[in-house]
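Q: Generate coordinates for the sequence data below:
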Amino acid sequence: MTLTGKQQRGARRLRGSVRFGLIGAILAVIPLAGAIAIWSSRLADNAILRTQAMAVTKGLTRASARIWAVNDWVYHNQGFGKNHRYFLAPALGATPIQVMESGGDCADKSRLVSAMLREIGIRSGLVMIYPCRHCDPIHTVLEARSDSGRMVVDPIWDVDYPSGSGKFLGVRELAGTPLGVEHVADLQRQSAAGTKIRKMPAADAVFDFAVAVNWNKNFVTRAVAFSLRQLGYDPDRMMRPQILEDPKLALSGLLMAMAIGLIALGAVVGFAFPGMAERVRLSRLAHLRRAFGAKRSVPAS
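A: I've put the predicted structure just below:
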């Protein structure tokens with residue numbers, strides 16, 4: 001059967017796409033292997049976090065009690081100085097396991113609380129406290145889903161915000177009210193002289209401008225927030241994405257995306273430039289395979 005000119009061009013493009021796709025697949029092996037290695041390391045870390053979280057919350061059935069227990073444990077675990085450890089990328093900060101081992105500041109410890117809660121099935125996310133709309137953040141806390149709604153806990157000061165009748169307050173209930181500041185003032189009056197809570201600044205309990213994600217940070221974040229609103233979601237009510245607080249998850253995802261991107265790029269280039277693809281021969285690879293096979297078939301003397 002004779003192919004028409006159009007069919008021949010289509011077949012030529014398809015061969016080019018397959019050829020360059022294979023080259024992309026070969027190049028993708030490196031980031032793919034890295035992604036698998038990092039993911040395996042993350043699974044091992046999560047097993048440690050899960051074991052500790054289950055031990056801390058043993059016998060507790062209410063989510064609020066389990067949240068309080070994990071927050072209290074993290075507060076008493078290690079120190080409160082900034083954790084300068086990191087996994088491969090300094091910009092991503094310390095991993096939850098590194099915070100467990102060495103302690104950390106408000107953002108570090110909140111990251112650890114969130115990771116431990118996730119391992120026992122409780123959703124949570126970090127919240128940044130800003131003193132004004134266009135100021136830099138001054139403090140980080142955690143907001144988790146409890147039995148009766150959302151619940152804010154602070155692993156640096158070992159504080160939560162009860163509303164009475166066994167319920168707790170979330171960011172939305174605290175924002176625009178003096179409830180946070182009044183609660184901290186009560187705790188400070190009830191505590192003994194020299195205790196850490198006495199040093200807690202009132203600004204750390206003001207949630208008027210607290211957000212999980214600073215959607216006004218740049219054009220990209222504003223565009224994402226606009227898109228979410230168009231889809232019917234309220235970005236201001238969304239919890240902070242886990243990938244932003246889990247360095248190993250972020251790195252494994254990035255490497256996996258790179259691997260997929262290399263394969264896709266190769267296929268697209270081969271389809272768009274079939275002439276270039278025809279000049280790339282895989283005969284050398286085939287020759288190497290044959291030579292390697294022949295070498296293996298030679299009996300040892």
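Q: so residue 238 touches residue 213, yeah?
A: Yes - taking C-beta atoms under 8 Å as the definition, residue 238 is a contact partner of residue 213 at 7.3 Å. Every residue, glycine included, has its C-beta placed from N, CA and C.
Q: Looking at those two, which one has more neighbours?
A: Between residue 238 and residue 213, counted using other C-beta atoms under 10 Å, the more crowded position is residue 213 (20 against 14).
Q: Can you verify my assumption that the more buried one contacts residue 237?
A: No - using C-beta under 8 Å, residue 213 is not in contact with residue 237; the gap is 11.0 Å.
Q: And the residue positioned nearest the centre of the chain, its phi and psi?
A: The chain has residue 243 as the residue nearest its centroid, 1.7 Å off, counting by C-alpha atoms, centre = their mean. Dihedral pair for residue 243: phi -60, psi -20, per degrees, to the nearest 10.
Q: What pairs with the longest strand along the chain, parallel or antiparallel?
A: As assigned by DSSP state E, the longest strand anywhere in the chain is strand 139-146. Using DSSP bridges, the strands paired with strand 139-146 in its sheet are strand 124-129 (antiparallel), strand 149-154 (antiparallel).
Q: Can I get the ones you listed in JSON lines including mean neighbour count, distance to residue 176 and mean pLDDT?
A: Below are these laid out as JSON lines (neighbours: other C-beta atoms under 10 Å; distance: least, C-beta to C-beta, whole Å; pLDDT from 0 to 100):
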{"stretch": "strand 124-129", "mean neighbour count": "23", "distance to residue 176": "14", "mean pLDDT": "96"}
{"stretch": "strand 149-154", "mean neighbour count": "24", "distance to residue 176": "14", "mean pLDDT": "95"}
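Q: could you redo those strands as CSV and give each row distance to residue 79?
A: Below are those laid out as CSV (distance: least, C-beta to C-beta, whole Å):
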stretch, distance to residue 79
strand 124-129, 20
strand 149-154, 16
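Q: Quick one: closest of the ones you listed to residue 26.
A: Nearest of those to residue 26, taken as C-beta to C-beta: strand 124-129 at 39.2 Å.
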